[in-house]
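>>> Have a look at this prediction, sequence included:
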Amino acid sequence: MCSVAKPIIKQIRDNREALDFFETVSLPAEDEKTQAIIMNFPTVYIHNWQDSGAFEVYVGETNNIFKRTRQHYDAALNQPGWQSKLSKKDASLFIIGHEHFNKSLTLDIENRLMHYMMSVERVKRVYNLRDNPQTSYYPMGEFDEIFGKIWRGLRKENKNLFPTESAIKDSAIYKASPLHKLTKEQEKARELIIQKVSEALEKEETKQLIFIDGEAGTGKTVLTSSTFYELYCQAEESNKALKCQLLVNHDEQIIVYEQIAEKLGLKEKYGKVVSKPTTFINNHSENAPIDVAFVDEAHLLLTQGKQSYRGENQLKDIIDRARVTVVMFDENQILTTEQ
């Protein structure tokens, strides 16, 4: 079986003049196949620029790269969004094409690029982070090979922005990212959790508990981060206010989730959305409960006072301070008597 073709990767300055030059001068000088792939096939693109030594990126896919890019430039004139930064920074644009690209394949390429870019240490913000994973299409079997060639091609252009795939997959942010492609079981669980949360909030119910039990390695962390982020995405799309907190016990995981919240833009828009259970309990009142509290590794919650916690049951105290509490639990990991 023949290996799939190499992707076409073009990097240009990210402004109207450079895009016009690429469309009218550079691209017409390429071979007919390259012209056809860029002009007539779906493409994936990455806007990127540096801010205070760190990268910010926007990943997208489109059926018309020239029309879509000019729409972004037009948006920069009318709104203070990420597009306005393109003219203020020394931005560049990667345009990625392939002879087997179709809508489903480019959406999956876009999804994984967003997942990878968020996991890069030097990337501090990724825009357009609402994923849209595809299920079954042709040529789904070529996806990994095509993506690997795309990533290696991008790495040749910029090793700081595109580190090795192994470095990406070893990062703690990658492992806890909400952008993982979920299994069917995880998707069903996420849909059910969101349904129950939405129903409880609509009925203005309080002190509701959703309990997810699973052993280590069953994907509870990914399910937690994915559901947590999806709730914020849906609230934003519906223009609804949402107060949602992710409660984590381990110092290392707190740092990871805080970095994820910052890269997703949640921290900038909603403030502190990640904290330790005791911090949450001490800083919130039963008289003003938040909408949803997610508790990762709830088996570590305390059932008696210890150090800065002066209560008798952390889970009860959290439930009293949230309309809905979603806990991820593994009874096999209870290690001490106060848990």
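Great, that's in hand. Residues are numbered from 1 along each chain as shown.
>>> contacts, neighbours, all on C-alpha from now
Noted.
>>> and the end-to-end length of stretch 170-185?
End-to-end distance for stretch 170-185, by C-alpha to C-alpha, to the nearest Å: 25 Å.
>>> how about that stretch: buried residues?
Buried residues in stretch 170-185, counted by 16 or more other C-alpha atoms under 10 Å: 173-182.
>>> next one: it to chain centre, how far?
Taking C-alpha atoms, centre = their mean, to the nearest Å, one finds the center of stretch 170-185 at 9 Å from the center of the full chain.
>>> just stretch 111-118 next, same as before
Distance of stretch 111-118 from the chain centroid (C-alpha atoms, centre = their mean) equals 7 Å.
>>> Please apply the same query to stretch 63-81.
On the basis of C-alpha atoms, centre = their mean, stretch 63-81 sits 22 Å off its chain's mean C-alpha point.
>>> Give me the contact list for it.
Contact partners of stretch 63-81, identified using C-alpha atoms under 8 Å, 6 or more residues apart in numbering, comprise 15-16, 19, 23, 38-43, 45, 62, 82-86, 95.
>>> rerun at 10 Å
14-16, 19-20, 22-23, 38-45, 47, 60-62, 82-87, 93, 95-96, 102-103, 106, 127 (C-alpha atoms under 10 Å, 6 or more residues apart in numbering).
>>> Looking at the residues you listed, which are in helices?
16, 19-20, 38-40, 84-87, 103, 106 (DSSP state H).
>>> Now a ChimeraX select for only the buried ones of these.
Typed into ChimeraX, the next command selects the buried ones out of the ones in helices among the contacts of stretch 63-81 (criterion: 16+ other C-alpha under 10 Å):
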select :19,38,39,84,85,86,103,106
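>>> would you turn the ones in helices among the contacts of stretch 63-81 into TSV with distance to residue 224 and pLDDT?
Formatted as TSV, the ones in helices among the contacts of stretch 63-81 follow (distance: C-alpha to C-alpha, whole Å; pLDDT from 0 to 100):
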residue	distance to residue 224	pLDDT
16	41	96
19	41	98
20	44	98
38	39	98
39	40	97
40	40	96
84	33	92
85	32	91
86	34	91
87	37	83
103	29	93
106	27	95
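>>> Columns secondary structure, pLDDT and distance to residue 155 on top of the buried residues of stretch 170-185, output as TSV?
TSV is the format used below for the buried residues of stretch 170-185 (DSSP: H, G, I helix; E, B strand; the rest coil; pLDDT from 0 to 100; distance: C-alpha to C-alpha, whole Å):
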residue	secondary structure	pLDDT	distance to residue 155
173	helix	96	20
174	helix	97	18
175	helix	94	21
176	helix	94	24
177	coil	95	22
178	coil	94	24
179	coil	92	21
180	coil	92	22
181	coil	89	23
182	coil	91	27
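>>> want to throw these into a markdown table with distance to residue 135?
Shown next, in a markdown table, are the buried residues of stretch 170-185 (distance: C-alpha to C-alpha, whole Å):
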| residue | distance to residue 135 |
| --- | --- |
| 173 | 24 |
| 174 | 21 |
| 175 | 21 |
| 176 | 22 |
| 177 | 20 |
| 178 | 18 |
| 179 | 15 |
| 180 | 14 |
| 181 | 10 |
| 182 | 11 |
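>>> From the residues you listed, pick the one nearest residue 252.
residue 173 (10.8 Å; C-alpha to C-alpha).
>>> I'd like the distance between the closest one and residue 158.
21 Å.
>>> Same check on residue 85?
Taking C-alpha to C-alpha as the measure, residue 85 falls 20 Å from residue 158.
>>> What ranges does the stretch 151-300 of the chain have for its strands?
Here the stretch 151-300 of the chain has its strands, by DSSP state E, counting those that start in this stretch, at 208-213, 244-247, 274-275, 290-295.
>>> what about residue 222, how many residues close to it?
By other C-alpha atoms under 10 Å, the residues close to residue 222 number 20.
>>> For residue 46, which non-adjacent residue is spatially closest?
Closest residue to residue 46 apart from its sequence neighbours, by C-alpha to C-alpha, 6 or more residues apart in numbering: residue 59 at 4.6 Å.
>>> does that neighbour really touch residue 111, like I thought?
Yes. If you go by C-alpha atoms under 10 Å, residue 59 and residue 111 touch, sitting 8.6 Å apart.
>>> Between those two, which is the more surrounded one?
residue 111 (25 against 22).
>>> contacting residues for that one?
59-61, 105, 117, 128-134, 179-181.
>>> Sticking with it, tell me its helix or strand.
Assigned by DSSP states H and E, residue 111 belongs to helix 103-119.
>>> how far does that helix sit from the chain's center?
Distance, centroid of helix 103-119 to centroid of chain: 10 Å (C-alpha atoms, centre = their mean).
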